[in-house]
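>>> Need the 3D shape of this:
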Amino acid sequence: LGAPAAGNAPTPRFPAGARVGVKDDWPEDRGPCHIRTPHYVRGRVGRVMRPLGAFKNPEDLAFARPAALRNLYHVEFEQPPIWDEGTRGDTILIEIFEHWLEEA
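Residues are numbered from 1 along each chain as shown. Next up is the predicted model:
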């Protein structure tokens, strides 16, 4: 993704520690698309570890469309409920763009 954008970057909506839900959306069912959000965390609740900065939306860049700046976050999820394996305390850390997140 390169370095975060400077200048007119949007203010992050979610601070570190915020509980967030990943939208349970499936745009791939509506036609061609490029999605950076793993299917296994859609509809799940996680915790923002930290905002990473604003980057051009890769879902638009993949189709050579004008790409708005979107905030990107490290979001942590408990592993056992997602893959039905691991032990308590095992986690998964995923980079997720803000437009996929909502307040939990």
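>>> Quickly list what Arg47 is bridged to.
Arg19, Glu76 (DSSP bridges).
>>> which parts of the lowest-mean-pLDDT helix or strand in the chain are buried?
Least confident helix or strand of the chain, by mean pLDDT, DSSP states H and E, is helix 58-61 with a mean of 85. Neighbour counts over helix 58-61 (16 or more other CB atoms under 10 Å) mark Glu59 as buried. The way it works is simple: take the backbone N, C-alpha and C, and place the C-beta from them, glycine included.
>>> How far away from the center of its chain is it?
Here helix 58-61 shows a centroid-to-chain-centroid distance of 14 Å under the convention CA atoms, centre = their mean, to the nearest Å.
>>> before we move on, what about stretch 46-55?
On CA atoms, centre = their mean, the centre of stretch 46-55 falls 8 Å from that of its chain.
>>> May I see the buried residues of that stretch?
Of all the residues in stretch 46-55, those buried under the rule 16+ other CB under 10 Å are 46-49, 51-55.
>>> which of those residues lies closest to Pro80?
If you rank these by distance to Pro80 using CB to CB, Gly46 comes first, at 13.4 Å.
>>> Next up, the contacts around the closest one.
Residues counted as contacts of Gly46 (CB atoms under 8 Å, 6 or more residues apart in numbering) are 19-22, 75-77, 94.
>>> ok, now how distant is the residue of the chain most remote from its centre from Phe63?
In the chain, the residue that sits farthest from the middle, by CA atoms, centre = their mean, is Thr87; the gap is 24.0 Å. Distance, Thr87 to Phe63, using CB to CB, to the nearest Å: 41 Å.
>>> now Ile96
20 Å.
>>> got it, and Ile94?
Taken as CB to CB, the span from Ile94 to Phe63 is 23 Å.
>>> Of those two, give the one with the bigger neighbour count.
Ile94 (19 against 10; other CB atoms under 10 Å).
>>> Please settle this for me: is Ala54 part of a strand?
Yes: membership of Ala54 in a strand is supported by DSSP: H, G, I helix; E, B strand; the rest coil.
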